[in-house]
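Peer 1: Quick one: sequence and predicted model below, then my questions.
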Amino acid sequence: MLQNIHPYQLATRSVPKGKKAKKATPPPTDHVIVIDCSGSMWDDLPRIRQQLKQKLPHLVEVDDTVSIVWFSGRGQYGVLLEREAVAGLTDLDRINKAIDRWLRPVGLTGFKEPLDEVATLAGKIADEQSGRVVNLLFLTDGWDNQWSRQQIIDAVDRVGGNVAAATFVEYGYYCNHPLMVEMAEKAGGSLIFSEDFRRYEPTFESVMGKRPTSAKKVEVNLETDAVANFAFAIHENELLTFSVQNQRISVPEYVDEVCWVIGPREGGGVEAIDPSPEVYAALAMYAQRMQPDVVYAILRALGDVSFIKEFSGCFGKQRYASFVDTATKAVFDENERFVEGRDPNAVPDDDATTVLDVLRILSEDPGNRVLIEHDDFSYSRIGRAREKVGADLTDEEQKKLQELTAKLSKTRNASGIKKIQSEIDALVAGKTESLDIKLDKVPDGVAITNLVYNEKRPNISLQIRREGTVDLDGTDAPDPLPGKLPSFVWRNYTIVKDGLLNVSQLPVVLTEETVKKLRDFEIGELFAGKPSTLFLDSLPIINRRMVQETSAKVLFGLQYELQKARAAQKVFNHYHKDRFGDGHRTAKIAGTYGDEAANWLKEQGITDGGFNPKTKAAEAQDYYIGKELSVALKGLSSLPKVDDVKKKLGGKLTPSQALMAPFVEEIEEFLGSKVYANAKDQDKAFRQVLEDRQTQSKADVRRLLHQISQIRFSVIVGQTWFTEFSSLDENSLEIEVDGAKIKGTVEMKEVEIAI
């Protein structure tokens, strides 16, 4: 049967059945659970362990068995349980101890070896216990960083022939989603996304409740190609997917019907289609594969207003995952369809308000404050923790300490002990503990004035100044330093990380003007001067217009203007520091407490710039793959010294010197002007000019960073490329700016991000 969803067609076909009828009663099931124990799972493994211990005895039928395979990096894997009959088992203590011992976070992430182990295990079951079926659950939160894609898919292929049902759980947002999709298709199973343990818990129970009726596979000839090279089926309460090879698929014989999409084709118009479960299944499956052309075709034919609205902001893993979840519910529940009615003429909003828009509006008004101590502020730290290094011994010192300690343990006479102990004391002398700062409470919140845009990755942070006190009591701090020294730290709260929303709710106190700007955006009930919570997760990160208008020429032009604004900053900062001498890191502290105290504090990481002691990143437990988009303008990669530019004024300048020259000339002209010469207080007049220009150039830099960030988000999150280029292989062009031609180059690459 064919349904038109122009320019595609949705095809369905019955699965041919053999002469032997399906068993009315499901055979015994051997459940095989594969658990990712890589370092990135450290926070969730305790809950998963507890779930296994509590739930397995109640979820497994009397004749069923459970096998558990754990894995992390290359060579780190094993069978924790093998075909244990858990139901009714009296020796649960042994199993619980094994779960607690082996399901611990360690190492990196590698799929191939545990999958090979599953293939061996499933093969044993098939050979030794005929009439039984294998139900596989494979859970991971990571990105395989040990094996090639083909090695992994080959391993899944070996597994697929011996399992009756397979479920792959994509746990969290940092999995290799395309690979997980391909793994599910190759195994003829389902892919389920679980944002966190709360979402995973019912998934686990549902998977353990599966009772496949047969392990036999049936070949179905589709007789056409399939869009995205896969077919799908609705079976009981899940959606199964199958990899298409030479227009054929292999499906379990208990599946009644398979579906696939054909196209695109020429001619024909949009026709209304029957809102059947198969149509919503196609909507879910093609959204899961991030195939917007097919999704839009289905939405146009369906006219389901709520889905059209939701898909208008569907960019990145978070929004797609939510859309897939909603569409999947509509497959099995008619009440989830046409929640906001049916309108064949409804079209997605291309210019929807985005999270980036809201963050920009918040930062533009210094009266807005974020309530970081509010109960609604739930923040997840990104990146690795920082460790103090002030008390660390060097490798050589550590080796010496071990030698002295060993000698001390063998020494019996008092004088010898005292001598060795004095050597140890001398070794650790001066290795004082790093100081800490006790931050002041901020019940009224802190100002939202500085957005930090990562200039390669799609990250946005709020940079916030926190006041506090450093306790100097008990240290060798020189006089006249007080026992409690006021200082401050800068804290970055990442709101968007790698295109994903890291803070879904933002409690704030807003000015009346900001409330007016945000009132129509449907992000929560807003009040002026009182706490309000902004529901950022109700907005898309980017919108469709941003993606459609992604231009390399615009990007390079903005990058040029950014470098120009930074050239201005460098010039004005140079003159300010050169004239007034207040740019030194300890000038204010030295003026209050003296040079000796300022130098001592600097060694502890305390300067006029705040409290910033020496730290190092904690050892990486794992890593995931992120995307970076870097932009370069030929000849403008760095800015020269201002004094070098001054010397070459009037002569031949390099591109970067030419960028700075107008601002140097502007200041020199002011210093030679009558306004400056006739000023009663020349220092005050000059300071005012410089600070005004510093303020303006700083504002220009922030504005341009925001505009460039929108393009970076459009490319990485929107998975698009620039309108001027026909493929990813094209990445450079010339632009004309300020009467000169500049070559711009943009590069996108995948990088390993340690966690």
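Peer 2: Alright, I've got the coordinates. Everything numeric in this text was worked out from a predicted model, so none of it was measured. Residues are numbered from 1 along each chain as shown.

Peer 1: Relative to A587, how far out is W721?
Peer 2: Separation of W721 from A587 (Cβ to Cβ, to the nearest Å) stands at 49 Å. Heads up, the C-betas are built off the backbone N, CA and C, glycines and all.

Peer 1: next one: L427
Peer 2: Plainly put, L427 is 36 Å away from A587 if you go by Cβ to Cβ.

Peer 1: W721 and A587: who's more crowded?
Peer 2: Counted by other Cβ atoms under 10 Å, W721 and A587 do not tie: W721 has more neighbours, with 19 against 14.

Peer 1: how about the strands of the stretch 401-550 of the chain, start to end?
Peer 2: Secondary structure of the stretch 401-550 of the chain (DSSP state E, counting those that start in this stretch): strands at 437-439, 446-447, 451-453, 460-471, 484-497, 500-501, 505-509, 531-535.

Peer 1: Sorry, wrong one. I was asking about the stretch 551-700 of the chain.
Peer 2: Read by DSSP E, counting those that start in this stretch, the stretch 551-700 of the chain holds these strands, from start to end of the chain: 606-607, 610-611, 615-617, 623-633.

Peer 1: Least reliable of the ones you listed by average pLDDT, please.
Peer 2: Among the strands of the stretch 551-700 of the chain, strand 615-617 carries the lowest mean pLDDT, at a mean of 72.

Peer 1: pLDDT wise, what is I152 at?
Peer 2: At I152, the pLDDT recorded in the model is 96.

Peer 1: isn't it right up against L179?
Peer 2: Yes: shown here, I152 and L179 form a contact pair, counting by Cβ atoms under 8 Å, at 6.8 Å.

Peer 1: joint contacts of those two?
Peer 2: Residues touching both I152 and L179 (Cβ atoms under 8 Å, 6 or more residues apart in numbering) are D144.

Peer 1: Compile the strands of the stretch 551-700 of the chain into CSV and extend it with columns for mean neighbour count and distance to Q657.
Peer 2: Shown next, in CSV, are the strands of the stretch 551-700 of the chain (neighbours: other Cβ atoms under 10 Å; distance: least, Cβ to Cβ, whole Å):
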stretch, mean neighbour count, distance to Q657
strand 606-607, 22, 31
strand 610-611, 20, 33
strand 615-617, 12, 37
strand 623-633, 18, 14
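
Peer 1: Okay, N502 and Y379: tell me how far apart.
Peer 2: Per Cβ to Cβ, N502 is found 7 Å from Y379.

Peer 1: how about low-confidence regions in the stretch 651-755 of the chain?
Peer 2: Within the stretch 651-755 of the chain, no range satisfies pLDDT under 70.

Peer 1: Now do the contacts for F527.
Peer 2: The contact partners of F527, taken as Cβ under 8 Å, 6+ apart, are L510, V515.

Peer 1: N573 is in contact with F663, correct?
Peer 2: No: counting by Cβ under 8 Å, F663 does not reach N573; the two are 10.7 Å apart.

Peer 1: Looking at those two, which is more packed in?
Peer 2: Neighbour count, other Cβ under 10 Å: between F663 and N573, F663 has more, with 23 against 17.

Peer 1: mind listing what that one touches?
Peer 2: F663 sits next to A567, A568, V571, F572, R693 when contact means Cβ under 8 Å, 6+ apart.

Peer 1: any idea which of these is closest to A598?
Peer 2: For these, the minimum distance to A598 (Cβ to Cβ) is 25.9 Å, reached by F572.

Peer 1: Sketch out the strands for the stretch 151-300 of the chain, chain order is fine.
Peer 2: Assigned by DSSP E, counting those that start in this stretch, the strands in the stretch 151-300 of the chain fall at 165-171, 190-194, 217-221, 230-235, 238-243, 248-252, 257-262.

Peer 1: Let me have these in CSV, extended by mean pLDDT.
Peer 2: Output for these, formatted as CSV (pLDDT from 0 to 100):
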stretch, mean pLDDT
strand 165-171, 95
strand 190-194, 94
strand 217-221, 93
strand 230-235, 96
strand 238-243, 96
strand 248-252, 94
strand 257-262, 96
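
Peer 1: pLDDT below threshold where in this structure?
Peer 2: Where the chain drops to pLDDT under 70, the residues are 18-24, 87-91, 129, 267-270, 348, 383-395, 428-433, 582-585, 617.

Peer 1: sec struct for V34, please.
Peer 2: Recorded secondary structure, V34: strand (DSSP: H, G, I helix; E, B strand; the rest coil).

Peer 1: tell me the domain ranges of this structure?
Peer 2: Domain ranges of the chain: 28-215, 264-348, 356-384+440-544, 395-428, 576-754, per automatic domain parsing.

Peer 1: For the shortest one, buried residues please.
Peer 2: Applying a neighbour-count criterion of 16 or more other Cβ atoms under 10 Å, one finds I420 buried in domain 395-428.

Peer 1: so how far is that domain from its chain's centroid?
Peer 2: Relative to its parent chain, domain 395-428 has a centroid offset of 48 Å by Cα atoms, centre = their mean, to the nearest Å.

Peer 1: cool, stretch 76-85 as well?
Peer 2: Distance, centroid of stretch 76-85 to centroid of chain: 32 Å (Cα atoms, centre = their mean).

Peer 1: go on, stretch 490-509?
Peer 2: So, by Cα atoms, centre = their mean, the centroid of stretch 490-509 is 12 Å from its chain's centroid.

Peer 1: Just the CA atoms from that stretch would do, formatted as PDB, please.
Peer 2: Written as PDB, here are the backbone C-alpha positions of stretch 490-509 (Å, rounded to 0.1, in the frame of the first residue of the first chain):
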ATOM      1  CA  TRP A 490      35.000  35.200  38.200                       C
ATOM      2  CA  ARG A 491      32.600  32.300  37.700                       C
ATOM      3  CA  ASN A 492      31.400  31.100  34.300                       C
ATOM      4  CA  TYR A 493      28.000  29.400  34.200                       C
ATOM      5  CA  THR A 494      27.600  27.700  30.800                       C
ATOM      6  CA  ILE A 495      24.100  28.100  29.600                       C
ATOM      7  CA  VAL A 496      24.500  26.400  26.300                       C
ATOM      8  CA  LYS A 497      27.200  23.600  25.900                       C
ATOM      9  CA  ASP A 498      28.000  22.100  22.500                       C
ATOM     10  CA  GLY A 499      24.700  23.400  21.200                       C
ATOM     11  CA  LEU A 500      22.800  21.700  24.100                       C
ATOM     12  CA  LEU A 501      20.900  23.600  26.800                       C
ATOM     13  CA  ASN A 502      22.900  23.200  30.000                       C
ATOM     14  CA  VAL A 503      20.500  25.300  32.100                       C
ATOM     15  CA  SER A 504      16.800  24.700  31.300                       C
ATOM     16  CA  GLN A 505      15.400  27.100  33.900                       C
ATOM     17  CA  LEU A 506      16.900  30.500  34.700                       C
ATOM     18  CA  PRO A 507      15.600  32.300  37.800                       C
ATOM     19  CA  VAL A 508      16.000  36.100  37.500                       C
ATOM     20  CA  VAL A 509      15.000  39.500  38.600                       C
END
